[in-house]
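Student: sequence unknown, structure follows:
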């Protein structure tokens with residue numbers, strides 16, 4: 001290979017790496033603007049200003065604002081949804097800790113980026129393909145438990161669709177609460193001033209109680225420890 005060819009290849013790699021950094025910078029800037037201003041108010045000028053680049057550079061990397069938004073929100077939605085990664089530090093037999101680990105990922109997303117979570121819902125209402133991706137991602141987040149339901153409760157003889165409906169029902173309650181607390185900022189709920197850890201513990205405790213008809217071990221609890229008394233006398 002000639003020296004001129006080698007120099008050309010090296011130059012291409014440098015430009016490519018530089019281009020990827022610029023592209024990633026625009027994506028990170030868009031995430032900030034989406035959180036701050038929302039999907040419908042975001043402009044290309046807002047993104048390039050946040051990224052600190054000329055506005056004309058935008059079209060070098062993205063077709064339009066929607067293509068950028070779709071890519072950014074898709075990346076955000078798909079981040080950290082691998083059950084093995086989520087549970088890497090959790091004992092397989094500790095069901096409270098396993099459920100807590102999954103809830104922690106979701107609650108952190110709502111707490112850190114409520115504006116972005118709102119944008120996810122808005123874009124899902126307007127783009128059928130994106131909506132389908134979100135639904136599929138949500139289903140995948142729950143399937144780890146759905147698949148285990150027959151083993152957890154062998155006497156029930158779960159049919160797959162029954163296990164799916166049970167898990168969706170329980171998870172749906174938490175989704176509604178998170179939207180009201182973090183996105184809609186319900187004054188009634190926000191008065192509780194829960195930390196992320198308290199919020200996760202509440203969701204996990206109620207999910208655990210509903211799933212196993214039992215209370216988690218008190219040593220695992222702080223905020224919801226008093227809920228062990230929530231037992232109706234016969």
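Tutor: Happy to help now that I have it. None of the values given here were measured: they were computed from a predicted structure.
Student: Domain parsing of the protein, as residue ranges.
Tutor: Residue ranges for each domain of the chain read 3-72, 79-229, as given by automatic domain parsing.
Student: Same list, those, but as a markdown table with mean neighbour count and mean pLDDT please.
Tutor: (Each C-beta comes from the backbone N, C-alpha and C, glycine too.) Converted to a markdown table, the domains of the chain look like this (neighbours: other CB atoms under 10 Å; pLDDT from 0 to 100):
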| stretch | mean neighbour count | mean pLDDT |
| --- | --- | --- |
| domain 3-72 | 15 | 84 |
| domain 79-229 | 15 | 93 |
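Student: What ranges does this structure have for its helices?
Tutor: 3-37, 44-51, 58-61, 65-78, 83-86, 95-112, 114-126, 128-152, 160-178, 187-190, 196-212 (DSSP state H).
Student: now the ones you listed as JSON lines including distance to residue 221?
Tutor: Formatted as JSON lines, the helices of the chain follow (distance: least, CB to CB, whole Å):
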{"stretch": "helix 3-37", "distance to residue 221": "32"}
{"stretch": "helix 44-51", "distance to residue 221": "41"}
{"stretch": "helix 58-61", "distance to residue 221": "48"}
{"stretch": "helix 65-78", "distance to residue 221": "30"}
{"stretch": "helix 83-86", "distance to residue 221": "21"}
{"stretch": "helix 95-112", "distance to residue 221": "9"}
{"stretch": "helix 114-126", "distance to residue 221": "26"}
{"stretch": "helix 128-152", "distance to residue 221": "21"}
{"stretch": "helix 160-178", "distance to residue 221": "17"}
{"stretch": "helix 187-190", "distance to residue 221": "20"}
{"stretch": "helix 196-212", "distance to residue 221": "6"}
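Student: of those, which approaches residue 223 most closely?
Tutor: helix 196-212 (4.2 Å; CB to CB).
Student: by contact count, what packs against the closest one?
Tutor: Here helix 196-212 touches helix 95-112, helix 160-178, going by 3 or more CB pairs under 8 Å, 6 or more residues apart in numbering; DSSP states H and E.
Student: what would those helices look like in a markdown table with distance to residue 147?
Tutor: Listed next are the helices and strands packed on helix 196-212 as a markdown table, based on distance: least, CB to CB, whole Å:
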| stretch | distance to residue 147 |
| --- | --- |
| helix 95-112 | 13 |
| helix 160-178 | 8 |
